[in-house]
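S.K.: What shape does this take:
(one chain, ligands or ions: 1)
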Amino acid sequence: MSQDAAGRRPGTPDGEGAVPEPVTRAGREGLQALLARPGKALIGLDFDGTLAPIVADPEQARAHPEAVPALAGLAPKVASVAVITGRPPEVAVRLGGFAGVSGLEHLVVLGHYGAERWDARTGEITAPPPHPGVAAARAELPGLLDGVGAAQGAWIEEKGRAVAVHTRRAAEPQTAFEALRDPLSELAARHGLIVEPGRLVLELRPPGMDKGVALREYAREIGAGCVLYAGDDLGDLPAFSAVDTLRSDGVPGLLVCSGSDEVTELRERADLVVDGPAGVVGLLRALARRTG
Ligand SMILES: O=P(O)(O)OC[C@H]1O[C@H](O[C@H]2O[C@H](CO)[C@@H](O)[C@H](O)[C@H]2O)[C@H](O)[C@@H](O)[C@@H]1O
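M.R.: This is a model prediction of the structure:
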């Protein structure tokens, strides 16, 4: 069924629609479990591309204007809402406008792919010690970028625990991305790091954590009875796999793809595809209405 740019579905007087029907049986079971026992549900959401529209400059990214109200409407009705992001948690909190919001008193942000955690209850961040390889790789990056001619226009995002190279603003973004893949992988390997590819970004970060581990551990921590996860990028695939694992362990789940033209892998694995952050907002609102 179609929806407008604000994620609203036609056919009801106020433009607000029903919860869309997942296309898979597992997804329908996940949704059914969520609606039957919302108090046991974990809602996991990626930030960029899912809650926040993609923009050329990561510092200018902001949550969709209706995302925080929609989250605040749903959060008190479910066990927990967790934003699981590649961003440093404090950056996601700032760009998302998540702090001090009525209804989001129990929000957690699992940042750096789950390595760091911000808790709305305390406003504090818990983080393990930094990996020494990041500083070493960072020091070599400018020279590497100078040496890779095709990467004209690539630029570095400092992330503290990680460092990312973006090509969205290059003259030929995809060509620059491909040209950097091997040299950055080699640099990462030399310093005990991994490369996390995303939407026109290659991030060098410590191994040992991903969104799948983060989601599974958090679901276990809160004793989630069902899980919804929504994402848009390659870094969300481990979280999709975590939901698959939870489902085989008897915990129903719903996989939602925040659809874009840039990434197709999630679309193929999702139970439900919505139209980018506006579609995610529409889904969150619909869930809030259906959960009383
Ligand atoms: O896990 P996420 O919340 O999806 O974060 C993944 C990366 O998102 C950011 O980059 C992406 O969004 C930018 C702003 O819209 C866009 O310019 C860029 O092309 C995208 O790849 C962020 O800058 C990275 O640090 C995150 O890891």
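S.K.: Determine the number of other residues adjacent to Ser241.
M.R.: Using other Cβ atoms under 10 Å, Ser241 has 17 neighbouring residues. Using the backbone N, CA and C atoms, a C-beta is placed for each residue, glycine as well.
S.K.: Equivalent analysis for the one 5 residues further on, please.
M.R.: Other residues near Leu246 come to 22 when the count uses other Cβ under 10 Å.
S.K.: cool, the one 3 residues further on as well?
M.R.: The number of residues packed around Asp249, counting by other Cβ under 10 Å, is 9.
S.K.: Buried residues, stretch 283-292. List them.
M.R.: 283-288, 291 (16 or more other Cβ atoms under 10 Å).
S.K.: OK, contacts around the residue nearest in space to the middle of the chain?
M.R.: Closest to where the C-alpha atoms of the chain average out (Cα atoms, centre = their mean) is Asp46, at 1.7 Å. Going by Cβ atoms under 8 Å, 6 or more residues apart in numbering, Asp46 touches 83-85, 211, 230-233, 235-236, 239, 258.
S.K.: how much space between it and the ligand?
M.R.: From Asp46 across to the ligand, the span is 5 Å (Cβ to the nearest ligand atom, to the nearest Å).
S.K.: Am I right that Leu215 is in contact with Ser241?
M.R.: No: in this structure, Leu215 is not within contact of Ser241 by Cβ atoms under 8 Å, at 9.4 Å.
S.K.: How about the residues of the protein by the ligand?
M.R.: Within reach of the ligand by Cβ under 6 Å from any ligand atom, the chain has these residues: 46-49, 54-56, 58, 61, 85-87, 157, 159, 164, 166, 168, 198-201, 203, 233, 235.
S.K.: for the residue of the chain found nearest the ligand, what are its contacts?
M.R.: Residue nearest to the ligand within the chain (Cβ to the nearest ligand atom): Gly86, separated by 2.8 Å. With contact taken as Cβ under 8 Å, 6+ apart, Gly86 is in contact with 47-48, 111-113, 162, 196, 198, 203, 235.
S.K.: what's the distance between it and Pro252?
M.R.: 27 Å (Cβ to Cβ, to the nearest Å).
S.K.: Could you write out the alpha-carbon coordinates of the helix or strand where Arg28 lies in PDB?
M.R.: Per DSSP states H and E, Arg28 falls inside helix 25-36. Written as PDB, here are the backbone C-alpha positions of helix 25-36 (Å, rounded to 0.1, in the frame of the first residue of the first chain):
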ATOM      1  CA  ARG A  25       5.000 -15.600   8.000                       C
ATOM      2  CA  ALA A  26       7.800 -15.100  10.500                       C
ATOM      3  CA  GLY A  27       7.300 -11.300  10.300                       C
ATOM      4  CA  ARG A  28       3.500 -11.600  10.800                       C
ATOM      5  CA  GLU A  29       4.200 -13.800  13.900                       C
ATOM      6  CA  GLY A  30       6.600 -11.200  15.100                       C
ATOM      7  CA  LEU A  31       4.100  -8.400  14.700                       C
ATOM      8  CA  GLN A  32       1.300 -10.400  16.300                       C
ATOM      9  CA  ALA A  33       3.500 -11.100  19.300                       C
ATOM     10  CA  LEU A  34       4.400  -7.400  19.600                       C
ATOM     11  CA  LEU A  35       0.800  -6.300  19.500                       C
ATOM     12  CA  ALA A  36      -0.300  -9.100  21.900                       C
END
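S.K.: Just the CA atoms of the next helix or strand after it, as CSV, please.
M.R.: Per DSSP H and E, the first helix or strand lying C-terminal to helix 25-36 is strand 41-45. Extracted C-alpha coordinates of strand 41-45, given in CSV (Å, rounded to 0.1, in the frame of the first residue of the first chain):
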residue,chain,number,x,y,z
ALA,A,41,8.8,-6.0,23.2
LEU,A,42,12.2,-4.6,22.4
ILE,A,43,12.2,-2.0,19.6
GLY,A,44,15.6,-1.6,18.0
LEU,A,45,16.3,1.2,15.6
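S.K.: Okay, angle between the helix or strand that strand 41-45 is followed by and strand 41-45 too, please.
M.R.: Going down the chain from strand 41-45, the next helix or strand is helix 67-74, by DSSP H and E. If you take axes from the mean of the first three to the mean of the last three Cα atoms, to 10 degrees, helix 67-74 sits at 170 degrees to strand 41-45.
S.K.: and the next helix or strand after helix 67-74, which strands flank it?
M.R.: As assigned by DSSP H and E, the chain's next helix or strand after helix 67-74 is strand 80-84. Strand pairing for strand 80-84, determined by DSSP bridges: strand 41-45 (parallel), strand 108-111 (parallel).
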